[in-house]
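Chemist: The following comprises the amino acid sequence and a computationally predicted model.
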Amino acid sequence: MRKLYFITIISMLFTSLTFSQTILLTEGFETTAPGWTVNHTTGNDWAIGSTNPHTGSGYAVYSYHITQAANSYLFFPSLTLNAGQQYAIEFWQSVRSSSYPEKFELTVGNNNTIAAQTITVRDYGIQTITTYRHRIAYFTPSTSGTYYFAFHAYSNANEWDLQVDDVSVWTDCNNHSCSNPYVIGSLPYSQTGLTTCNSCNNYDETDGCGSPFLNQAENVFTYTPSSDGWVDVQLTTSTTDYEQGAAVFVMDNCPSNPSANCIGSSTVQYPSIHGSPHTTVELFAGTTYYIVVSNAEDPDVYNGDGCIDYNISVTNVVQPNPNAQDCFGA
């Protein structure tokens with residue numbers, strides 16, 4: 001197997017890594033990086049580019065083959081992972097031209113060979129956005145041992161460039177799950193400057209409200225009202241990125257509990273265009289409700305980001321008029 005040499009970045013700046021976590025690997029693809037390898041069966045090998053980095057002066061790139069579709073892998077260095085522990089694979093990705101779409105997935109296996117890459121962590125599918133997207137995928141091994149992640153390019157022949165930069169693998173996420181939620185003691189309630197970028201991914205589209213917006217990291221809030229009434233839950237995303245999705249859900253139990261009912265939900269793919277998510281729900285005294293903030297990424301939401309920064313407010317409101325329109329053009 002041919003080796004692709006890069007330099008390991010000593011220090012990288014990620015807004016999502018400004019908290020206490022165990023970082024297993026960082027790479028910026030400046031010139032050489034020990035342990036990274038490449039292989040392909042069709043197309044070309046991954047290489048180092050210098051014309052369009054996310055940060056620094058270099059990035060990893062799969063460049064097109066005129067006649068062959070891509071089946072090309074960029075293997076991470078080996079990592080020792082523990083069974084049952086969640087790991088985040090964070091990186092930035094873009095393509096050279098929206099007219100030449102690329103396709104790729106993140107895989108993992110027990111060796112840095114194509115045959116060993118038997119697990120798809122996340123298939124990102126077709127990519128057309130030329131600005132770097134923030135990606136976070138999650139993997140929880142069932143057994144402890146040595147693992148190799150890989151970027152697998154499977155673009156059609158004669159496209160252009162698939163670009164990846166600023167890769168990190170980390171664990172010990174900020175786990176605001178049902179077992180460790182933000183507790184809302186009374187209303188009105190508000191918090192600013194929150195993020196899911198340092199959080200764990202505990203639930204998915206099979207849980208609770210059954211939405212693909214639960215497939216990324218989430219934050220859970222709980223509230224037990226002392227009296228019956230109507231409550232409005234408002235999310236405000238702090239991004240101006242029109243591609244980013246955001247969601248808020250209200251349930252009467254933890255999302256992973258089969259008895260959980262979806263009381264209210266709001267999912268928005270383009271918050272800066274369509275407004276931030278909010279939902280108005282009727283709550284009853286003595287019941288503990290679970291408010292879940294999350295988002296969605298490719299392929300669940302077209303070019304969605306790996307996490308969101310947001311503010312949240314929860315307030316008492318009067319009962320909504322059932323005859324009022326809440327949808328544009330309804």
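Modeler: Yep, that arrived.

Chemist: Low-confidence stretches in the stretch 201-330 of the chain?
Modeler: For the stretch 201-330 of the chain, the stretches flagged by pLDDT under 70 are 238-244, 271-272, 298, 300-304, 322-330.

Chemist: quick one: F213 is in a helix?
Modeler: Yes: under DSSP: H, G, I helix; E, B strand; the rest coil, F213 sits within a helix.

Chemist: who are the neighbours in contact with it?
Modeler: E205, G245, A246, A247, F249, T267, S294, N295, A296, D300, V301 (CB atoms under 8 Å, 6 or more residues apart in numbering). (Glycine included, C-beta is placed from N, CA and C.)

Chemist: run the last query once more with 10 Å
Modeler: 205, 245-249, 265-269, 277, 292-297, 300-301, 304 (CB atoms under 10 Å, 6 or more residues apart in numbering).

Chemist: cool, T42 as well?
Modeler: With CB under 10 Å, 6+ apart, T42 has these contacts: H65, T67, Q68, A69, A70, N71, S72, Y154, A157.

Chemist: hmm, 8 Å instead?
Modeler: H65, Q68, A69, A70, N71, S72.

Chemist: Filter the residues you listed down to the buried ones.
Modeler: The neighbour-count test (16 or more other CB atoms under 10 Å) marks H65, Q68, A69, A70, S72 as buried among these.

Chemist: could I get these as TSV with secondary structure?
Modeler: Formatted as TSV, these follow (three-state DSSP):
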residue	secondary structure
H65	coil
Q68	coil
A69	coil
A70	coil
S72	strand
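
Chemist: From those, pick the one nearest G28.
Modeler: Nearest to G28, judged by CB to CB, of the buried ones among the contacts of T42 is S72 at 20.5 Å.

Chemist: Contacts only, for the closest one.
Modeler: V38, N39, H40, T41, T42, G43, N44, D45, W46, Y62, H152, A153.

Chemist: Can you give me the pLDDT of the last one?
Modeler: Translated: A153. The per-residue pLDDT reported for A153 equals 98.

Chemist: looking at the sheet around I126, what are its partners?
Modeler: K103 (DSSP bridges).
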